[in-house]
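1. sharing a sequence plus its predicted fold:
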Amino acid sequence: MNLNNNDITENIKKRIGGNRLAYVRSFGCQLNVSDSEKIKGLLKKMGFGFTENENNADIIVLNTCAVRENAEDRVFGIVGSMKKLKEKNPSLIIAIAGCMTAQEHIAEKIKKSYPQVDIVVGTSAINSLPKLMLDCLDGQKFSADIKEYDDFSEAVEQVRESSFKASVPIMFGCNNFCTYCIVPYVRGRERSRKPEDIISEVRQLVSEGYKEIMLLGQNVNSYGNDLSSDINFPKLLRMINDIQGDFWIRFMSSHPKDASEELIDTIFECEKVAKHLHLPVQSGSNEILKKMNRNYTAEKYLSIVEYIRKKDPEFSLTTDIIVGFPNESESDFRATLDIMNKVKYDNIYSFIYSRRSGTKAAEIQDSTDEKTKGGRMRELLNLQRNISTEHYKRFIGKTLRVLADGKAKKSDGYLTGKSSEFIIVEFEGDESLIGQFVDVKITEAMNWAVKGVIN
Ligand code: 5AD
Ligand code: SF4
């Protein structure tokens, strides 16, 4: 890795002067948003300010996602349209970062078909951005670094999106190889950050007034498996819970195959850990779960839910579901609806299966047509709407702790936020409350949110 990033950064700063703007756009998951905050940190050090309008930008960074094909298509569309911007402003630098760059065929396609792109930088090579920009300023037509580096830098100062909600990656990569998923191929194997680095980052954030700490990992339940100490995720949660201050802790995602009783006990015992668990089920059919290489059955999944709901029958769960995995039968799909009816999720994130070249599932000949998949998706969303509407009624009359997030879209004078249970809450309130915790007494349940009044 580059030893003299500081010198390079200073050099760029001198060369570009003080009034250049960067446009950084993130696609996909929270981890990408977090990486974009690091990219912005590097750009800020080089002297860039930021703009939300790509037409005003001197550098454009697209931090891409490869999880589903439509995300990739969107990026290609945007890069295509940037040809015009480059013609107008030949000194504009266009950089592609993120998961798409780690797929060789995509990197090739960018290089071949999109000459407007100057820089390609891989997910673990973010720190090479200053060097790549220097190459660019020196007149090099195209420069790329998509090598896999182990040393995720602890030193990069982030430019954070929010002044009260912060994402903190605790690990990178994934070892699970779910057969539909590209992540293990583009993000590499699991690498955990040292607990002391995570703790000191959280301490710093809390001292700056951050109210929500979102711990990120593809599967936080395997946090620490690659470290020599006996740390694991529940222990890390307890260490963070012990940090003084008024904040709550969220985390994502938690693979059901190793969601332990220790984890669940920890959620209940730690007062700062939000009372919500995102537990991606993907499918309710054992046959499909096996083909997905998920390493649990619907029964095992339901036994975790039962353990949780014995402690608190109203505990809030959310999930991810894939509709239309290759050759998913009608009865496989019914099994997914069945598990949704049993668990009663507060919210689901559902996706139609997207074939990812290079994954195991991509080799399966799929006989289910797209129309059937679309119909299933609609049925699933309808069911969830009914479940949410019914299930949210349990909050009526209760007071929920809510982190006020911003102004509500439709109604004037209303704010929106998320409760500890990860439920969207709307309530009347002054804008000065944004970024603060408020207690809201719930008066009404809708199918996507609840409404209430400040207590
Ligand atoms: N097609 C559709 N959805 C996918 N996901 C991951 N890979 C794919 C794919 N190939 C979904 C899973 C995962 C979420 C982040 O994205 O549900 O939990
Ligand atoms: Fe993909 Fe499975 Fe890893 Fe999640 S656990 S990132 S779905 S391979």
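-> Cool, got the structure. From a predicted model like this one, the values you see are computed outputs, not experimental measurements. Numbering: from 1, shown residues only. Ligands and ions are numbered 1, 2, ... in the order given.

2. use CA for all of it now, contacts and neighbours both
-> Will do.

3. ranges for the strands of the stretch 251-400 of the chain?
-> With DSSP state E, counting those that start in this stretch as the criterion, the stretch 251-400 of the chain has strands at 276-278, 316-323, 347-352, 399-407.

4. got the angle for the second one vs strand 347-352?
-> Between strand 316-323 and strand 347-352, the angle comes out at 10 degrees (axes from the mean of the first three to the mean of the last three Cα atoms, to 10 degrees).

5. residue numbering should commence at 16 henceforth.
-> Got it, the first residue is 16 from now on, which makes the last one we talked about strand 331-338.

6. and of the strands of the stretch 266-415 of the chain, who's closest to ligand 2?
-> Ligand 2 lies closest, by Cα to the nearest ligand atom, to one member of these: strand 331-338, at 9.3 Å.

7. is any residue of that closest one near ligand 1?
-> Yes - residues of strand 331-338 contacting ligand 1 under Cα under 6 Å from any ligand atom: 335-337.

8. make JSON lines out of the strands of the stretch 266-415 of the chain and add distance to Ala377.
-> Shown next, in JSON lines, are those (distance: least, Cα to Cα, whole Å):
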{"stretch": "strand 291-293", "distance to Ala377": "27"}
{"stretch": "strand 331-338", "distance to Ala377": "15"}
{"stretch": "strand 362-367", "distance to Ala377": "14"}
{"stretch": "strand 414-422", "distance to Ala377": "40"}
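
9. in JSON lines, list those along with mean pLDDT and mean neighbour count.
-> Below are these laid out as JSON lines (pLDDT from 0 to 100; neighbours: other Cα atoms under 10 Å):
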{"stretch": "strand 291-293", "mean pLDDT": "98", "mean neighbour count": "21"}
{"stretch": "strand 331-338", "mean pLDDT": "98", "mean neighbour count": "20"}
{"stretch": "strand 362-367", "mean pLDDT": "97", "mean neighbour count": "17"}
{"stretch": "strand 414-422", "mean pLDDT": "97", "mean neighbour count": "22"}
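
10. mind checking the longest helix of this structure?
-> As assigned by DSSP state H, the longest helix anywhere in the chain is helix 385-407.

11. so that helix, near ligand 1 or not?
-> No - counting by Cα under 6 Å from any ligand atom, ligand 1 has no neighbours in helix 385-407; the shortest distance is 11.8 Å.

12. how about stretch 371-390: buried residues?
-> For stretch 371-390, burial by neighbour count (16 or more other Cα atoms under 10 Å) applies to 371, 374-377, 388.

13. tell me the one among those residues nearest to ligand 1.
-> Taking these together and measuring to ligand 1 by Cα to the nearest ligand atom, the closest member is Arg371, at 5.5 Å.

14. which residues touch Thr66?
-> Neighbour list for Thr66: 36-38, 72 [criterion: Cα atoms under 8 Å, 6 or more residues apart in numbering].

15. circling back to that earlier point, so what touches the longest helix of the chain?
-> By Cα under 8 Å, 6+ apart, helix 385-407 touches 338-339, 348, 352, 355-356, 359-363, 365-367, 460-465.

16. mind checking which of those residues are buried?
-> 338-339, 348, 352, 355, 359-363, 367, 460, 462, 464-465.

17. in the stretch 166-315 of the chain, what residue is nearest ligand 1?
-> Cys196 (4.1 Å).

18. check the burial of the residue of the stretch 266-415 of the chain found nearest ligand 2 by counting its neighbours.
-> Relative to ligand 2, the nearest point of the stretch 266-415 of the chain is His270 (6.3 Å; Cα to the nearest ligand atom). Number of residues near His270 (other Cα atoms under 10 Å) recorded here: 21.

19. hmm, it is touching Asn234, no?
-> Yes - assessed by Cα atoms under 8 Å, His270 is found in contact with Asn234 at 5.6 Å.

20. how about the residues of the stretch 166-315 of the chain that lie near ligand 2?
-> 189, 191-193, 196, 198-199, 233-234.

21. between those residues, which is closest to Gln131?
-> Val198 (27.0 Å; Cα to Cα).

22. wait, the closest one touches Gly188, no?
-> Yes - using Cα under 8 Å, Val198 and Gly188 qualify as a contacting pair, with a distance of 7.3 Å.

23. quick one: the lowest-mean-pLDDT helix or strand in the chain to chain centroid distance?
-> Least confident helix or strand, the chain: helix 20-31 with a mean of 86, by mean pLDDT, DSSP states H and E. Relative to its chain's centre, helix 20-31 lies at 31 Å (Cα atoms, centre = their mean, to the nearest Å).

24. ditto for stretch 357-365
-> On Cα atoms, centre = their mean, the centre of stretch 357-365 falls 18 Å from that of its chain.

25. can you dump the C-alpha atoms of that stretch in PDB for me?
-> Output of stretch 357-365 as PDB, limited to C-alpha atoms (Å, rounded to 0.1, in the frame of the first residue of the first chain):
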ATOM      1  CA  LYS A 357     -45.800 -17.300  11.700                       C
ATOM      2  CA  VAL A 358     -43.100 -14.800  12.600                       C
ATOM      3  CA  LYS A 359     -45.100 -11.600  11.900                       C
ATOM      4  CA  TYR A 360     -42.300  -9.400  10.800                       C
ATOM      5  CA  ASP A 361     -42.600  -5.700  11.300                       C
ATOM      6  CA  ASN A 362     -41.000  -5.100   8.000                       C
ATOM      7  CA  ILE A 363     -39.400  -7.100   5.200                       C
ATOM      8  CA  TYR A 364     -36.900  -6.300   2.500                       C
ATOM      9  CA  SER A 365     -37.800  -8.400  -0.500                       C
END
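
26. does that stretch come close to ligand 1?
-> No - shown here: stretch 357-365 not in contact with ligand 1 (Cα under 6 Å from any ligand atom), separated by at least 6.7 Å.

27. how about residues contacting that stretch?
-> 317, 320, 331-338, 392, 399, 402-403, 406-407, 438.

28. would it count as contacting ligand 2?
-> No - figure legend: stretch 357-365 not in contact with ligand 2 (Cα under 6 Å from any ligand atom); closest approach 12.7 Å.

29. picking that back up, check what pLDDT the residue of the stretch 166-315 of the chain closest to ligand 1 gets.
-> Note on Cys196: pLDDT of 98.

30. and it, what is it in contact with?
-> 82, 371, 374.

31. keep those, but drop any that are not near ligand 1.
-> Answer for those near ligand 1 (Cα under 6 Å from any ligand atom): 82, 371.

32. can you redo the contacts of Cys196 as TSV with distance to ligand 2?
-> Shown next, in TSV, are the contacts of Cys196 (distance: Cα to the nearest ligand atom, whole Å):
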residue	distance to ligand 2
Val82	8
Arg371	11
Thr374	10
